[in-house]
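Participant: Model the following, please.
(one chain, ligands or ions: 1)
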Amino acid sequence: MFPVAGLGTRFLPATKAVPKELLPVVDRPLIQYAVQEAVEAGVDTLVFVIGPEKRAILKHFERDPGLEELLASAGKDELLARVRDILPDGVSAHATVQEQALGLGHAVLCAREFVPADEHFAVLLPDDMVLNHGPGALAQLVAVHEATGGGVIGMERIDPSLTGSYGIAEVAEDDSGYSRIASLVEKPPPEEAPSNLGVVGRYVLDGRLFDTLETIGKGAGGEIQLTDGIAQFMGEHPVYAQALEGKRYDCGSRMGMLQANIDYALEVDDLRDRLLAHLNSALARQR
Ligand code: G1P
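Facilitator: Model prediction:
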């Protein structure tokens with residue numbers, strides 16, 4: 001499940017006509033990285049929770065026979081493969097519209113009809129990118145889910161002054177040997193935060209959570225918060241914290257987006273050396 005209904009105001013005017021999730025990191029839109037990570041973790045059904053003006057996201061995942069024909073007849077096989085790979089075979093994409101921006105918990109609730117109550121499902125917030133040379137962020141969560149049977153949330157240690165921007169967890173090891181979340185609170189000020197363990201936008205959750213989400217009211221920022229729903233639900237059903245391996249980028253911010261673009265480009269063979277040379281000369285000019 002990909003909640004992508006947000007307005008992306010931090011990137012205006014770039015996001016006036018283009019959804020923030022379609023902004024590129026190197027040569028692929030943000031959302032495509034999240035989808036690829038989900039598919040690599042074993043997901044075969046994608047649900048996009050879009051805002052009313054965000055159909056372009058779906059278009060990105062639809063086949064485009066005209067474009068494919070053009071690339072094929074021009075012999076541009078590599079580009080053709082890249083376009084076809086956007087949605088791998090055997091993976092289906094669905095969408096539901098969140099009419100009003102009532103919060104992340106509400107967005108997740110909008111996709112309820114796609115999740116059988118007795119199954120677990122994953123939520124990925126595409127703004128958060130995690131670059132890792134081993135298993136992707138969601139695959140790391142799935143491994144903990146398979147070992148414990150419980151829900152799992154991706155976490156990282158954050159600067160203690162920034163707790164007001166994150167869900168914050170307190171954890172304790174249980175019999176399973178994994179870190180079970182003992183308390184979870186959305187965006188507490190530093191003086192009220194139980195720790196500096198911040199929620200990264202990756203979740204594996206129990207389908208029964210929807211019943212809880214139906215009942216919780218507005219929380220931090222006047223929104224229906226996913227964090228609040230999980231906090232209530234985990235009293236009876238264990239939810240684990242998984243400190244993510246890899247470097248995380250907040251691509252909801254300009255700085256995070258720039259850092260991601262540089263670091264992901266450094267992973268691309270035919271860009272790496274020229275980009276490093278450019279960065280070196282840019283540094284030299286600043287000195
Ligand atoms: C959301 C969640 C928050 C989490 C964050 C990670 O907040 O509500 O718990 O820490 O994503 O990116 P948002 O950034 O959408 O305000």
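
Participant: excluding its backbone neighbours, what's nearest residue 15?
Facilitator: Once flanking residues are discounted, residue 15 sits nearest to residue 8: 3.7 Å by Cβ to Cβ, 6 or more residues apart in numbering. For the C-beta atoms, the positions are set from N, CA and C on the backbone; glycine is no exception.

Participant: where does the stretch 1-150 of the chain come near the ligand, residue by residue?
Facilitator: 104, 125, 128 (Cβ under 6 Å from any ligand atom).

Participant: Next up, phi/psi of the last one, please.
Facilitator: Torsion angles at residue 128 (phi, psi; degrees, to the nearest 10) stand at phi -90, psi 120.

Participant: can you pull the contacts of the residue lying closest to it once chain neighbours are set aside?
Facilitator: Distances taken as Cβ to Cβ, 6+ apart put residue 201 closest to residue 128, at 3.8 Å, once the chain neighbours are dropped. Taking Cβ atoms under 8 Å, 6 or more residues apart in numbering, we find residue 201 in contact with 123, 124, 125, 126, 127, 128, 154.

Participant: Next up, identify which helix or strand residue 201 is on.
Facilitator: Using DSSP states H and E, residue 201 sits within strand 197-206.

Participant: try residue 95
Facilitator: Secondary structure (DSSP H and E) places residue 95 in strand 92-97.

Participant: Rounded mean pLDDT for the strand or helix carrying residue 108, please.
Facilitator: According to DSSP H and E, residue 108 maps onto helix 104-110. On average, the pLDDT along helix 104-110 is 96.

Participant: Against which helices or strands is that helix packed?
Facilitator: Where contact means 3 or more Cβ pairs under 8 Å, 6 or more residues apart in numbering; DSSP states H and E, helix 104-110 is packed against strand 2-4, strand 45-50, helix 209-215, helix 226-233.

Participant: any weak-confidence spans in this protein?
Facilitator: Across the chain, nothing is flagged by pLDDT under 70.

Participant: For it, give the residue positioned nearest to the ligand.
Facilitator: residue 167 (2.7 Å; Cβ to the nearest ligand atom).

Participant: Quick check: that residue touching residue 186?
Facilitator: Yes - here residue 167 reaches residue 186: they are 5.2 Å apart, a contact under Cβ atoms under 8 Å.

Participant: out of these two, which sits in the more crowded spot?
Facilitator: residue 167 (27 against 22; other Cβ atoms under 10 Å).

Participant: which residues make contact with the host helix or strand of residue 78 from outside it?
Facilitator: Using DSSP H and E, residue 78 sits in helix 77-84. The contact list for helix 77-84 (Cβ under 8 Å, 6+ apart) reads 63, 64, 67, 68, 71, 72.

Participant: and the residue nearest to residue 15, what is it in contact with?
Facilitator: Contacts of residue 8 (Cβ under 8 Å, 6+ apart): 15, 19, 20, 21, 252.

Participant: rerun at 7 Å
Facilitator: 15, 19, 20 (Cβ atoms under 7 Å, 6 or more residues apart in numbering).

Participant: How about residue 141?
Facilitator: Residue 141 neighbours (Cβ under 7 Å, 6+ apart): 152, 154, 202, 204, 242.

Participant: Distance check, it against residue 60.
Facilitator: 25 Å (Cβ to Cβ, to the nearest Å).

Participant: need the contact list for residue 35.
Facilitator: Contacts of residue 35 (Cβ under 7 Å, 6+ apart): residue 46.

Participant: buried stuff in stretch 29-41?
Facilitator: For stretch 29-41, burial by neighbour count (16 or more other Cβ atoms under 10 Å) applies to 29, 30, 31, 32, 33, 34, 35, 37, 38, 39, 41.

Participant: nope, stretch 268-282 is what I was after
Facilitator: Judged by neighbour count (16+ other Cβ under 10 Å), stretch 268-282 contains no buried residues.

Participant: How much space separates the spatially closest residue to residue 122 that is not a sequence neighbour from residue 152?
Facilitator: Excluding the flanking residues, the one nearest residue 122 by Cβ to Cβ, 6+ apart is residue 204, at 5.3 Å. Separation of residue 204 from residue 152 (Cβ to Cβ) stands at 4 Å.
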